[in-house]
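> the following block contains a protein sequence and its predicted model.
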Amino acid sequence: MVKILLVDDEAFSLKGMQGLVPWSQWNCEIAAVANNGKRALEILNSQKIDIVFTDIKMPEMDGLELIREVKMINSHIDFVIITGYGEFEYAQKAVKYGVKNYLLKPVGISEIEETLLELTGNQVHPEQEQEVPDLQKEGSECSCISVESFVEEILISVTQKNWNKISEILLLFFKEISNHRCNLEQTRVHAINLLSSLIKNEIIYSNDKTLLLAGEIGSAKNQSGIYNILKDQILLTQNQGEQSFSRKMNPHIQKILIYLIKHYKDNNLTLKWLSENVVYLKSDYLGKLFLSETGKTFAQYLTEFRIARAVEYQRGDSTIQIHTLAELVGYQDNVSYFIKQYKKITGMTPVEFAMSSVVNA
């Protein structure tokens with residue numbers, strides 16, 4: 001079991017974290033709690049702890065000092081900072097200690113679970129290695145996982161446009177994988193089975209897209225990466241217009257959206273270029289067709305897609321440089337325009353978002 005230490009000077013926060021989060025379903029257990037950094041340091045010096053969830057501002061020793069002290073003697077302990085709106089300047093200082101996981105108060109259970117998936121999903125302790133079942137072995141516990149119930153729940157959520165529910169369902173899927181002690185390769189197999197079933201049930205369309213995503217799943221370095229690939233792809237349907245679930249999307253527009261997923265970083269991506277090189281339709285007609293199918297102009301859709309990707313990059317690494325972020329999403333030659341579009345869509349500049357975002361959410 002992964003050992004968890006909770007550190008917070010507010011008793012009700014500790015109680016909530018202990019009682020509401022299904023720690024055991026992520027192969028975790030609360031090993032200890034502390035109401036200040038000094039007590040937490042004593043615990044860390046006396047017993048084995050894998051992950052620490054800590055508040056920033058606390059009496060006697062605050063969260064930053066605790067992290068600094070611990071990292072000097074044990075760099076393998078993972079820290080998750082729980083911070084309020086007025087504490088970002090403190091939280092950012094923890095970056096130099098290697099802390100990249102932040103949760104913004106009030107913290108949702110799904111946010112904590114996504115963090116646990118990231119930090120524990122690829123952890124197999126030496127004493128557990130022999131216990132991990134072989135997916136190919138007949139009767140294997142891990143092979144018993146069925147994706148159909150999850151597909152049905154996702155389908156219901158998509159048709160009801162209940163997008164927040166999608167993450168919860170995927171987390172349940174990965175909790176099932178965790179409960180069955182599946183390793184990374186077994187997780188890939190289950191994820192591809194889920195993806196295939198989503199295609200079969202027309203929640204996601206196109207075989208081209210299936211091949212692309214299956215490749216991404218096959219090269220993912222951990223279970224959290226696989227989770228994010230699936231979540232991003234399902235949530236992409238949120239931007240494809242409500243009509244895509246009452247009927248199949250026009251094949252020309254589908255082809256463009258698939259191309260966009262693969263090539264959104266290209267800084268010369270325009271509707272005119274797509275009309276001449278991808279779908280071979282007149283650009284004026286293609287523009288009207290795209291608007292009719294998605295409810296947005298191509299320029300609007302592309303901008304929103306790129307900014308959504310930029311947000312995901314920042315959630316994965318809040319210290320990423322703005323010019324690098326701009327290049328990653330197709331604004332290689334115009335950082336100022338990227339910042340303008342970012343603020344227009346999110347209401348914040350990239351720097352402001354980095355100071356207030358929940359990393360890896």
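Alright, I've got the coordinates. Values in this document were obtained by computation on a predicted structure and should not be read as measured data.

> got the contact list for residue 32?
For residue 32, the contact set (Cβ atoms under 8 Å, 6 or more residues apart in numbering) comprises 5, 6, 43, 47, 49. C-betas here are computed from N, CA, C, even on glycine.

> specify the local secondary structure of the first one.
At residue 5 the chain is in strand, as set by DSSP: H, G, I helix; E, B strand; the rest coil.

> now it: how far from residue 44?
Distance of residue 5 to residue 44, computed by Cβ to Cβ, to the nearest Å: 7 Å.

> shared neighbours of these two, which are they?
If you check residue 5 and residue 44 against Cβ under 8 Å, 6+ apart, the residues they both contact are residue 52.

> for stretch 173-192, what is the average pLDDT?
The average of the pLDDT scores along stretch 173-192 is 88.

> shaky segments in the stretch 51-200 of the chain?
The stretch 51-200 of the chain contains residues with pLDDT under 70 at 84-92, 121-141, 158-164.

> all helices for it, in order.
For the stretch 51-200 of the chain, the helices defined by DSSP state H, counting those that start in this stretch cover 63-73, 88-93, 109-120, 148-159, 163-179, 184-200.

> deepest of those helices, which one?
Highest mean neighbour count among those (mean count of other Cβ atoms under 10 Å): helix 109-120, with a mean of 21.

> which helices and strands sit right next to that one?
Packing contacts for helix 109-120, counted by 3 or more Cβ pairs under 8 Å, 6 or more residues apart in numbering; DSSP states H and E, involve strand 51-55, strand 78-83, strand 101-104, helix 163-179, helix 223-236.

> save these as TSV, and put in distance to residue 72 too.
Listed next are the helices and strands packed on helix 109-120 as TSV, based on distance: least, Cβ to Cβ, whole Å:
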stretch	distance to residue 72
strand 51-55	15
strand 78-83	13
strand 101-104	19
helix 163-179	32
helix 223-236	27
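
> would you reformat the helices of the stretch 51-200 of the chain as JSON lines and include distance to residue 298?
Output for the helices of the stretch 51-200 of the chain, formatted as JSON lines (distance: least, Cβ to Cβ, whole Å):
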{"stretch": "helix 63-73", "distance to residue 298": "46"}
{"stretch": "helix 88-93", "distance to residue 298": "36"}
{"stretch": "helix 109-120", "distance to residue 298": "32"}
{"stretch": "helix 148-159", "distance to residue 298": "23"}
{"stretch": "helix 163-179", "distance to residue 298": "23"}
{"stretch": "helix 184-200", "distance to residue 298": "25"}
